[in-house]
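*Asks:* Okay, here's the prediction I keep looking at, along with the sequence it came from:
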Amino acid sequence: MLLIACGIDANDKVLPLAWALVPIENEIWWTWFLEYLKHSIPVLSLENHIFISDREKGMANAVSTVFDKSIHLHCCQHIADNLQQRYGNKVRP
């Protein structure tokens, strides 16, 4: 499983900050990854940041554990895809 942390640069482009290959995506591995991210980029601990994910396996709990001043949100595109896939509702239009 590939874990990636990205940010937005001064040109409003996606910039990869860190990545790791882990055996499985779960709270333990997300916590491990975010601890190393915090250690590598200490300014992340000092300010409020928003972490956005696709609602997968443990990231929300890991963010609140490692970055207590930050929040975790869910990607609207993935929520729409999940609703359409599970219930047949087209919510994007």
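*Replies:* Now that the structure is in, tell me what you want to look at.

*Asks:* Only C-alpha atoms from now on, for both contacts and neighbour counts.
*Replies:* Will do.

*Asks:* And E35, what's its pLDDT?
*Replies:* Model confidence at E35, expressed as pLDDT, equals 95.

*Asks:* Against which helices or strands is the helix or strand harbouring it packed?
*Replies:* In this structure, E35 sits in helix 27-40 according to DSSP states H and E. Using 3 or more C-alpha pairs under 8 Å, 6 or more residues apart in numbering; DSSP states H and E, the elements in contact with helix 27-40 are helix 59-66.

*Asks:* Could you list the paired strands of the lowest-mean-pLDDT helix or strand in the chain along with their orientation?
*Replies:* One helix or strand of the chain scores below all others by mean pLDDT, DSSP states H and E: strand 71-74, with a mean of 72. Strand 71-74 pairs in its sheet with strand 50-53 (parallel), by DSSP bridges.

*Asks:* which parts of the strand it pairs with are buried?
*Replies:* F51, I52, S53 (16 or more other C-alpha atoms under 10 Å).

*Asks:* before we move on, back to that, please write out the alpha-carbon positions of the helix holding E35 in CSV.
*Replies:* Extracted in CSV, the C-alpha atoms of helix 27-40 (Å, rounded to 0.1, in the frame of the first residue of the first chain):
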residue,chain,number,x,y,z
GLU,A,27,-4.6,3.2,11.8
ILE,A,28,-1.2,1.8,13.0
TRP,A,29,0.5,2.4,9.7
TRP,A,30,-1.1,5.9,9.2
THR,A,31,0.1,6.8,12.7
TRP,A,32,3.6,5.6,11.9
PHE,A,33,3.6,7.6,8.6
LEU,A,34,2.2,10.8,10.2
GLU,A,35,4.7,10.6,13.0
TYR,A,36,7.6,10.6,10.5
LEU,A,37,5.9,13.4,8.5
LYS,A,38,5.6,15.5,11.7
HIS,A,39,9.3,14.8,12.5
SER,A,40,10.4,15.6,9.0
